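Chemist: 3D, please:
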Amino acid sequence: MKHTTLPNTDIKISKICLGTMTFGQQNSEAEGHAQMDYALEKGVNFFDTAEMYSVPGRKETYGSTERIIGTWFKKSGKREEVVLATKIAGPSPGMPYIRENMDFSPASIALSIDKSLTRLQTDYIDLYQLHWPERKTNMFGQRGFKVQDDAWEDNIQNILETLDSFVKQGKINHIGLSNETPWGMMRFLEESKYHNLPRIATVQNPYSLLSRLFEVGSSEVCMRENVGLLAYSPLGFGRLTGKFLNGESLPKSRIELFPQFARYNSTQCTEATKLYNEIALKNGLSLTEMSLAFVTQQAFVTSNIIGATTIEQLKENIASIDVVLSDEIIGEINAVQAVIPDPAP
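Modeler: Numbering: from 1, shown residues only. Modelled structure (predicted):
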């Protein structure tokens with residue numbers, strides 16, 4: 001396994017991060033425990049979760065992923081070997097079961113942190129992230145920004161002051177954002193700089209061969225401000241494994257189980273995937289290996305969040321750390337991007 005450090009810290013983390021959102025719906029507790037055992041054995045010491053997981057969010061399964069991680073910590077005694085990241089959910093009219101006020105007020109943050117700590121059976125969270133912004137902006141498959149009257153008032157300084165209080169209490173160590181824009185990242189950086197408040201270490205956004213929009217604007221922020229991208233959906237909800245190339249039906253796949261997540265289902269995604277698969281095969285790689293290696297070796301990527309529903313998938317995903325793409329392969333990939341740019345927003 002290759003390792004790096006969480007930006008602006010001395011915390012050593014693996015370049016591959018174990019995503020866990022399948023624990024509690026697609027994966028049982030035993031399967032989740034097996035994945036964490038295997039990942040740690042292979043040097044993956046960075047686990048990511050969220051209070052709303054498993055996905056898709058449902059009242060019946062809310063918090064199930066954190067609970068499964070918590071029982072693994074208790075059983076294994078390996079909490080100190082893991083760098084743990086979780087998230088607080090932002091405003092969502094469809095999730096009133098999480099808490100009455102789906103905002104980032106001091107009361108909401110306090111409640112969410114304490115609930116996560118209880119489910120995770122730990123005293124502290126290494127990286128605490130805001131899962132999505134309070135304000136209305138383009139995220140979750142929305143390509144462009146449209147001005148909307150969302151009654152949001154800039155409270156970023158207040159959010160950082162609240163998070164700072166939990167850093168001082170020892171309940172969280174570092175903070176990050178998720179599904180955030182360049183403007184949002186810079187506002188948080190600005191407030192932390194001028195008010196001596198905790199600085200964001202990371203941003204967790206989608207990034208893959210099918211969605212390279214992060215390269216426009218956000219990548220410059222990350223590289224100039226030393227903020228690390230935690231890239232999620234590097235395989236485009238399984239599209240970039242190649243298993244849909246022949247039009248077969250896979251009823252247990254995420255794309256078919258959760259049709260509401262449709263950003264990877266366009267004709268352009270299918271066509272681009274075929275072209276990427278040809279590049280991989282020509283160079284003796286699987287499409288999975290090439291897709292994950294492309295993400296991992298980007299200079300602005302701190303860690304690549306992989307997720308799996310089987311140990312076999314997990315093994316291939318983790319093994320991709322040993323694949324290094326040549327300049328020639330990158331050139332071929334960029335040629336496809338030029339013809340079918342970012343088919344998934």
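
Chemist: once you drop chain neighbours, what's closest to N317?
Modeler: Leaving aside its sequence neighbours, N317 sits nearest to I306 (CB to CB, 6 or more residues apart in numbering; 4.1 Å). For the C-beta atoms, the positions are set from N, CA and C on the backbone; glycine is no exception.

Chemist: please name the residues that touch the one you found.
Modeler: Contacts for I306 (CB atoms under 8 Å, 6 or more residues apart in numbering) come out as 16-19, 234-235, 292, 314, 317-318, 320.

Chemist: list just the nearest of the residues you listed to Q268.
Modeler: When the contacts of I306 are compared for distance to Q268 (CB to CB), L235 wins out at 16.9 Å.

Chemist: now that closest one, what are its backbone angles?
Modeler: Taking degrees, to the nearest 10, you get phi -110, psi 20 for the backbone angles of L235.

Chemist: and it, what is it in contact with?
Modeler: Shown in contact with L235 (CB under 8 Å, 6+ apart): 208, 241, 288, 291-292, 306, 317.

Chemist: any idea how far I329 is from the residue of the chain most remote from its centre?
Modeler: Within the chain, the residue lying farthest from the chain centre (CA atoms, centre = their mean) is K282, at 30.0 Å. From K282 across to I329, the span is 9 Å (CB to CB, to the nearest Å).

Chemist: my guess is I69 contacts F23, does it?
Modeler: Yes: counting by CB atoms under 8 Å, I69 does reach F23; the two are 7.2 Å apart.

Chemist: which neighbours do these two have in common?
Modeler: 32, 49.

Chemist: give me phi/psi at V82?
Modeler: The phi/psi pair for V82 (degrees, to the nearest 10) reads phi -120, psi 140.

Chemist: any chance you could map the helices in the stretch 201-345 of the chain?
Modeler: 218-225, 254-257, 267-282, 287-296, 311-319, 327-339 (DSSP state H, counting those that start in this stretch).

Chemist: count of residues packed around A335?
Modeler: 11 (other CB atoms under 10 Å).

Chemist: from P234, how far off is it?
Modeler: On the measure of CB to CB, A335 and P234 end up 20 Å apart.

Chemist: what's A344 in contact with, if anything?
Modeler: If you count contacts by CB under 8 Å, 6+ apart, A344 has them with 141, 206, 208, 210-211, 236, 263-264, 266, 269.

Chemist: ok, now with 10 Å
Modeler: Contact partners of A344, counting by CB atoms under 10 Å, 6 or more residues apart in numbering, are 141, 143, 206, 208-213, 233, 236-237, 239, 262-266, 268-269, 272.

Chemist: hang on, the earlier thing: ok, so of the contacts of I306, who is nearest I172?
Modeler: For those, the nearest to I172 is C17 (17.6 Å; CB to CB).

Chemist: show me the beta-bridge partners of that closest one.
Modeler: When bridges are called by DSSP bridges, C17 pairs up with I305.

Chemist: re earlier: separation between the residue farthest from the centre of the chain and K274?
Modeler: Per CB to CB, K282 is found 13 Å from K274.

Chemist: mind checking the SS state of F47?
Modeler: The three-state label given to F47 by DSSP: H, G, I helix; E, B strand; the rest coil is strand.

Chemist: can you count the residues close to it?
Modeler: Neighbourhood size, F47 [other CB under 10 Å]: 25.
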